[in-house]
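> sequence below, structure please.
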Amino acid sequence: MSISVDVLDAFNGKLFFKTAWEYNLEDVEKFIDDVVNDMQGHGVQEKWKSAVKEIQDYIINMKPRHPDEAAQSPRYYPNPPQYVYRKEDTETDPPYELDPKTVTNHQVYGMYDFIGFFFSLACAPTDADTENFFAPWLVIYWKWSKLFHVTLEEKKDTKKLSLDWKPLKLPTMLQCTWREVTKGSKEKADAKEIVFHMGASVGGHAHKEKPFAEYGRVSKQKWTQSIVQFRFNLLADLGQPTINGEYRFMEAPLYSLTAEEKKLPEERKEYLKKTKEKEGWDFGNCAETYPFLEIFSNQGQGQTIGVKYGGVAIKPDAMKKVMAKYENYKTPIITPPCENCSYLLDSKYGCGTFNFLPPQVEASSPPPPAPSPSS
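Residues are numbered from 1 along each chain as shown. Got it, this is the predicted structure:
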C-alpha cells in the first residue's frame, strides 16, 4: 500500500519522509549530529550555520535524564522536570523564571520550539506545497518531539532521584509559515527559494494539577501566565508594551466583541463578553509565534514583488489517526488561523489571512489583492 501523497524530501534531499517516520530517539539524535557535521550537504541556510550546534545542545540537554546517570550530570534537569529552560528561585512566586537562550536574534526557552528551529534550518524544495511537504513534515515534527518525552516507566524511575513529575501541558497546535521568494528582476526570474519555520503553541511546562489547557484572561496559574507574557513580548512592538500599538498583554481580538457582535442586544453582548473572557487566549499563546517572528522579521517596507506567503496549522489531536501507520498517512485536518493570528497577518504584517486558510476555505472565497508586508 502507498500513502495518498508523494511527500518531498527534506534537508536538501538528505531526509526521506518514510525514513524520518520510522526513526527512534537514537536515530533522531544521530541525524541531528549529521546535520551539525555537514551543514552544507544538508542545505542549512547561511543565517543558521552559526547557531546549529547550539540548537543541538539545547535539544539534547533537555532530554530526560535516566536514573543510572550520575547526579552531577551536566544535562539540564531542575526540579520539577519540565521541557522548559528556567532558573530556580524559591523566593519568587512562581519559584522559578524562564532562562531563554538566544538563537540568532530571538530568545527561545522550550524544547518544542528548539525542535521547530531545527526543522527549519534548510529551505523547502521549490515545488513544496501544503500537501506534499509542509503538512506531512509537521507530522514528523510532532513525532520527533514526542520521542523526547519521558516515558511512564522513566517517570517511575525518576522518583529514585526525588524528581517530581507533574502533569505537563502539551501544545494544542502546530504551525508552519513559509515565504516564497523569486530572485532576479521582472525581466528575468533567476531562481525560487522557499524558507519556512515550524512552531508549537504554549506547552512543555508543568501544571499544578491536571494538564488541561489554561485559557481566559485571569484563569491561568502564575507559571503559565509568566510564560505567555514572555511570548507576548516577543510579538510586541520594539520597546513598547503593545502589539501594533493597539493591544496590551491580556488584551486580544479573542477577548473582544466584533463589530457585528457590538450591535446585538445588551444581554447577548454581556454573555458573549463573559464567554470570550473565559475561553479566549493571549497573543503569544499560538503556534504561529516563532514562525511569524522568523518569516516576517526584517522583510523591508512595501516590497512584495516576487514574494508570496503561506501557512498551515494542525492540531496534534487531529494527527493521531494519520500517525498510527505510515501506510495510512493522509494530509491531516488543517485549522484556519484564530482571530489573534488573523489580526497579526492582516494588520501587523500585512500578509493576508487568505494565504493561511485550509484549501476548502480558500476556494470558497477568492482572495483580495496581496497587501505589502511590514516588519
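
> dump the residue contacts of the residue lying closest to K49 once chain neighbours are set aside.
For K49, ignoring the flanking residues on the chain, the nearest one in space by CB to CB, 6 or more residues apart in numbering is M39 at 5.4 Å. (Each C-beta comes from the backbone N, C-alpha and C, glycine too.) For M39, the contact set (CB atoms under 8 Å, 6 or more residues apart in numbering) comprises 49, 52, 121.

> please list only the buried members of the residues you listed.
Among the contacts of M39, those classed as buried by neighbour count (16 or more other CB atoms under 10 Å) are 52, 121.

> filter the contacts of M39 down to the ones in strands?
Applying DSSP state E to the contacts of M39, no entry is found in strands.

> still on that earlier bit, look at the residue nearest to K49 and give its secondary structure.
Of the three states, M39 takes coil under DSSP: H, G, I helix; E, B strand; the rest coil.

> which of the contacts of M39 fall in helices?
V52 (DSSP state H).

> pipe the contacts of M39 into CSV and attach distance to P337 and pLDDT per row.
Putting these into CSV (distance: CB to CB, whole Å; pLDDT from 0 to 100) gives the following:
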residue, distance to P337, pLDDT
K49, 31, 95
V52, 30, 97
L121, 25, 97
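
> out of the contacts of M39, which is nearest to F283?
Using CB to CB, L121 comes nearest to F283 of the contacts of M39, at 26.5 Å.

> verify the stated contact: the closest one with S50.
No: in this structure, L121 is not within contact of S50 by CB atoms under 8 Å, at 11.7 Å.

> state the distance from the residue nearest to K49 to E29.
With distances taken as CB to CB, to the nearest Å, M39 is found 17 Å from E29.

> where do the helices sit along the stretch 251-375 of the chain?
For the stretch 251-375 of the chain, the helices defined by DSSP state H, counting those that start in this stretch occupy 266-279, 289-296, 320-323, 339-343, 359-364.

> which stretch among those helices comes nearest V139?
So among the helices of the stretch 251-375 of the chain, helix 320-323 is nearest, using CB to CB, at 6.3 Å.

> need the contact partners of the closest one.
Outside helix 320-323, the residues that touch it by CB under 8 Å, 6+ apart are 139, 142-143, 328-332.

> swap the cut-off to 6 Å and go again
329-330, 332 (CB atoms under 6 Å, 6 or more residues apart in numbering).

> are any of those residues buried, and which?
329, 332.

> want to try CSV for the contacts of helix 320-323, with distance to T182 as columns?
Output for those, formatted as CSV (distance: CB to CB, whole Å):
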residue, distance to T182
Y329, 31
K330, 31
P332, 29
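
> of the contacts of helix 320-323, closest to T258?
Nearest member of these to T258, counting by CB to CB, is P332, at 28.9 Å.

> correct me if wrong: the closest one contacts V312.
No: the criterion here is CB atoms under 6 Å, and P332 misses it with V312 at 9.6 Å.
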